[in-house]
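>>> Sequence first, predicted coordinates after that:
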Amino acid sequence: MEKESPARGTRTIKKGFCLKSLLIVIVIIAAISIVSLVFYWQYTKFPTPKNPVSKKYEWQFRGKAYALEETLYQSTDGYYQKKPKGIFSNFEEISLNKYFKTPTEDNTVDNITKKLQDIASKSNLTADQAVDLAVSYVQSLPYDEARARTDLTHPRYPYETLYEKTGICSDKSLLMVAILRKMGYGASIFMYEKDQHMAAAVQCSSQYSNYNSGYCIAETTAIGHKIGIIPELDQGSLQAVQRSEVQNFKSDNTSNRQNKVLSDPKIYAKTQGKTYGGVLQTLTNEKEVEQLSNYFETQKLVIEQKENELDSMTTELDRFKARKDYPGYNKLVPSYNNLVVTIRNLIDEYNTKVARYNLLIKE
């Protein structure tokens, strides 16, 4: 017996249904493609520079004042604001390296770097000192305390940090690495995940590098940090604690801040280039700074003890004078005068070392 074939009408309906479905799929794909292209065009196309703003940066380096200016654009800042941000676990390299990719139309970091190098050349600074100058420039950008309390996970692009003239540790570190790369130096990022901190690092001799990494930390959150010296963190703000000048004797220079030592970091975004050679001198100076710090701690107690002895003698002299015991008074006066001279000499020595300490932390 022959099988009945399906009716022709049924076959026609199925073909029509398939064609309609295919058309719908094509339309959907086309719509998605158009939306994607519009999105790509809107958020990746570098904008025409609009609304120029002159930014002036002023800072101190080794006791001298420096300044540079650069014209930035609101439209360019808006472009970077829309770009993807964030550092994602297990994708740290990709997450960080995107911050160093800039359109060919944006030469802002190049301009800033060239101006820093020109300043260094006119100031007769060595290549290493030019790096120190660049670090001091980034350090001078104020630390954004408010943002540090609200957003540590979405660093800004270097352009944004330059535009805002402020930033948290990650913002300033990324800017610093971008400048170091433009200067031709090898650089990397030290990521202190446990401490929620980030720092820039410059290629240096492995012998003197931090964590045997071949890179020396270039801490940028506060003024005065030296390349190669690992700072402590202020637990309240996660800002690297700035080493302040020591005051002459009797001045209060205490601090109630609770600091913490940084844990070992993970190192990302490594590049190879020129090697920074100033770390040996920095470490030599740091050793002297630590010796002076220990001296201040012990010598201050010595001076205070001598002053207490002097106060006791003053009280005793007043008693002799009140009793009109002039022989006893006159007998004690030479010891009193000798102690005054001793204290004066101790304070002079202390203050001389204070001046040396303050000079070292500025170098």
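Looks like it came in fine. Residues are numbered from 1 along each chain as shown.

>>> Run through the helices of this protein in chain order.
For the chain, applying DSSP state H gives helices covering 8-44, 74-82, 92-97, 108-122, 127-140, 145-148, 158-164, 169-182, 279-323, 326-362.

>>> And these, which one averages the lowest pLDDT?
Sorting these by mean pLDDT places helix 8-44 lowest, at a mean of 56.

>>> Ramachandran angles for the spatially most central residue of the chain?
In the chain, the residue lying closest to the centroid (C-alpha atoms, centre = their mean) is Thr220, at 1.8 Å. Here is the backbone geometry of Thr220 (degrees, to the nearest 10): phi -120, psi 0.

>>> same check, this time on the one 4 residues further on
As for Gly224, its main-chain torsions (degrees, to the nearest 10) stand at phi 100, psi -10.

>>> Test my guess that it contacts Val135.
No. In this structure, Gly224 is not within contact of Val135 by C-beta atoms under 8 Å, at 10.2 Å. Where C-beta positions appear, they are placed from N, C-alpha and C, glycine not excepted.

>>> Looking at those two, which one has more neighbours?
Val135 (24 against 18; other C-beta atoms under 10 Å).

>>> which residue packs closest to the more buried one, ignoring adjacent ones?
Closest residue in space to Val135, ignoring its immediate chain neighbours: Ala218 at 5.1 Å, by C-beta to C-beta, 6 or more residues apart in numbering.

>>> just Glu286 next, same as before
Ile229 (5.8 Å).

>>> Could you list which residues are in contact with the one you found?
217, 219, 282-283, 286 (C-beta atoms under 8 Å, 6 or more residues apart in numbering).

>>> Including distance to Met313, could those go into a markdown table?
Putting those into a markdown table (distance: C-beta to C-beta, whole Å) gives the following:
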| residue | distance to Met313 |
| --- | --- |
| Ile217 | 51 |
| Glu219 | 48 |
| Thr282 | 46 |
| Leu283 | 45 |
| Glu286 | 41 |
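
>>> ok, the residue nearest to the centre of the chain to Tyr357 distance?
23 Å (C-beta to C-beta, to the nearest Å).

>>> State the number of residues packed around the closest residue to Met313 other than its chain neighbours.
Leaving aside its chain neighbours, Met313 sits nearest to Tyr336 (4.8 Å; criterion: C-beta to C-beta, 6+ apart). Per other C-beta under 10 Å, the neighbour tally for Tyr336 reads 16.

>>> Relative to Ile303, how far out is Tyr336?
In terms of C-beta to C-beta, Tyr336 sits 16 Å off from Ile303.

>>> Neighbours of Pro327, how many?
8.

>>> what does Ser170 give?
26.

>>> I'd like to check which residues are in contact with the nearest residue to it once chain neighbours are set aside.
The shortest distance from Ser170 to any non-neighbouring residue, by C-beta to C-beta, 6+ apart, is to Pro155 (3.8 Å). Contacts of Pro155 were listed using C-beta under 8 Å, 6+ apart, and they are 85, 87, 99, 168, 170-171, 174, 198.

>>> Could you report the pLDDT at Pro155?
Note on Pro155: pLDDT of 95.

>>> and it, backbone torsions?
According to degrees, to the nearest 10, Pro155 has phi -60, psi 150.

>>> For Gly78, see how far away it is.
Taken as C-beta to C-beta, the span from Pro155 to Gly78 is 17 Å.

>>> The spatially closest residue to Val109 that is not a sequence neighbour: neighbour count?
Of all residues not flanking Val109 in the chain, Ala178 sits nearest, at 5.0 Å (C-beta to C-beta, 6+ apart). When neighbours are counted by other C-beta under 10 Å, Ala178 registers 26.

>>> Tell me the spacing between Ala178 and Ala269.
Following C-beta to C-beta, the distance that separates Ala178 from Ala269 is 10 Å.

>>> re earlier: now do the contacts for the residue nearest to the centre of the chain.
135, 138-139, 169, 172-173, 175-176, 199-200.

>>> nearest residue to it other than its sequence neighbours?
Thr220's closest residue in space is Lys172 (C-beta to C-beta, 6+ apart), at 4.2 Å.

>>> and the one you found, how many neighbours?
Look at Lys172: counted by other C-beta under 10 Å, it has 29 neighbours.

>>> residues contacting the residue nearest to Met313?
310, 313-314, 317.

>>> Look up how far Phe190 lies from the nearest residue to Ala148 once chain neighbours are set aside.
If the residues on either side of it in the chain are set aside, Ala148 comes closest to Ile168, at 4.8 Å by C-beta to C-beta, 6+ apart. Applying C-beta to C-beta, the value for Ile168 to Phe190 is 15 Å.

>>> now swap in Ser213 and tell me
8 Å.

>>> shared neighbours of those two, which are they?
201, 267.

>>> Give me the more crowded residue out of the two.
Neighbour count, other C-beta under 10 Å: between Ser213 and Phe190, Phe190 has more, with 25 against 18.

>>> Distance-wise, check the nearest residue to the more buried one once chain neighbours are set aside relative to Ala199.
Computed as C-beta to C-beta, 6+ apart, the closest residue to Phe190 that is not its neighbour in sequence is Pro265, at 4.0 Å. As judged by C-beta to C-beta, Pro265 and Ala199 stand 8 Å apart.

>>> can you list residues touching both of the two?
With C-beta under 8 Å, 6+ apart as the test, Pro265 and Ala199 both reach 190, 192.

>>> re the thing from before, could you identify which of the contacts of Pro155 has the most neighbours?
For those, the largest number of neighbours (other C-beta under 10 Å) sits with Asp171, at 29 neighbours.

>>> was I right about that residue contacting Arg156?
Yes. In this structure, Asp171 is within contact of Arg156 by C-beta under 8 Å, at 4.5 Å.
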